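In: sequence first, predicted model second:
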Amino acid sequence: MKTKINRLKEAILAGRVQKGMFLTLGSDTVTEIAGHAGFDFCLIDGEHAPYDPVQMRRQLSVLDACGTPSAVRVPVGEDWVLKQVLDIGAQTIMVPMVESGAQADAIVAACRYPPDGHRGVGGATMRAGGYGANPIYPAEANAQISPILQVESAAGLAAIDEIAGTDGIDCVFIGPADLGADLGFRDALDDQALWDQITDAMGRIRAAGCAAGVFVPPHRQEAMIEAGATVLSVGSDAAIVTRAMADAAP
Ligand code: 3PY
Ligand code: MG
């Protein structure tokens with residue numbers, strides 16, 4: 001067994017725009033439907049959806065079977081949480097609410113095996129290493145891990161240059177809902193003044209040498225790509241089902 005190449009990381013580092021779907025329903029079936037739909041990646045959300053590593057592990061297997069690159073969003077960037085999602089086979093990991101370069105450094109270190117970091121070595125217990133079938137996984141894993149850090153608060157915006165400049169961070173991703181709430185736009189998330197700040201943030205992330213990303217409604221996708229975004233989240237399974245149910249209801 002070989003260590004999986006992280007195709008999403010490769011694409012992000014090459015600057016190819018990646019459009020992905022957030023999976024929040026915890027459904028293997030919906031994951032498979034999304035996996036066949038043609039998205040560049042699917043992200044399994046463990047922040048605003050239940051953090052259930054056993055369910056996430058099934059969804060990662062489903063996405064692998066579909067041949068669709070996956071990502072996992074953790075509820076918090078603590079070592080034990082990062083270790084669990086890495087061990088179930090997540091390679092691209094989104095961490096919410098990052099507000100300093102020190103926090104970014106700590107996340108990178110938690111995602112890497114020694115001597116580059118301090119990720120614990122799980123051996124035959126881990127799906128990531130084929131439950132022991134891939135003995136060279138620890139030697140190859142660090143190069144395939146891709147942390148994506150979310151900036152989504154005024155404090156995060158203030159520190160965005162140092163966060164985006166942190167060694168080992170592949171993408172800084174803006175969360176418009178949380179950022180908007182913190183900046184006074186909680187009930188006006190489409191306000192142009194908020195998106196002007198997000199546009200500015202895209203430029204600052206890129207200027208620090210990092211890829212930029214954002215969760216973005218359809219009518220703002222082109223503008224965000226022009227502003228420098230490489231990673232776009234274009235919707236969630238729950239929102240799509242909700243909309244389709246409402247449309248179908250009498
Ligand atoms: C937000 O908008 O706050 C998000 O985290 C979406 O990615
Ligand atoms: Mg958020």
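Out: Structure's in. What do you need? Residues are numbered from 1 along each chain as shown. Ligands and ions are numbered 1, 2, ... in the order given.
In: need the nearest residue in space to the residue in the chain positioned nearest to ligand 1, chain neighbours excluded.
Out: In the chain, the residue found nearest to ligand 1 is G175; the distance is 2.7 Å by CB to the nearest ligand atom. From N, CA and C alone the C-beta is placed, and that goes for glycine too. Nearest residue to G175 in three dimensions, chain neighbours excluded: E152, at 3.4 Å (CB to CB, 6 or more residues apart in numbering).
In: residues near the one you found, how many?
Out: Neighbour count for E152, taken as other CB atoms under 10 Å: 24.
In: contacting residues around it?
Out: P96, M97, I174, G175, P176, A177, D178, L179, D182 (CB atoms under 8 Å, 6 or more residues apart in numbering).
In: hmm, try it at 6 Å
Out: G175, D178, L179 (CB atoms under 6 Å, 6 or more residues apart in numbering).
In: find the nearest non-adjacent residue to the second one, please.
Out: Take D178 and drop its neighbours on the chain: the residue closest to it by CB to CB, 6+ apart is E152, 3.7 Å away.
In: and the one you found, how far from A181?
Out: Remark: distance between E152 and A181 (CB to CB, to the nearest Å) = 9 Å.
In: which residues are common contacts for the two?
Out: By CB under 6 Å, 6+ apart, no residue touches both E152 and A181.
In: just list whatever residues bridge to the residue nearest in space to the middle of the chain.
Out: Centroid-nearest residue in the chain: M94, 3.2 Å away (criterion: CA atoms, centre = their mean). Beta-bridge partners recorded for M94 (DSSP bridges): R73, I148.
In: okay, and A177 sits in which element?
Out: Following DSSP states H and E, one finds A177 within helix 176-182.
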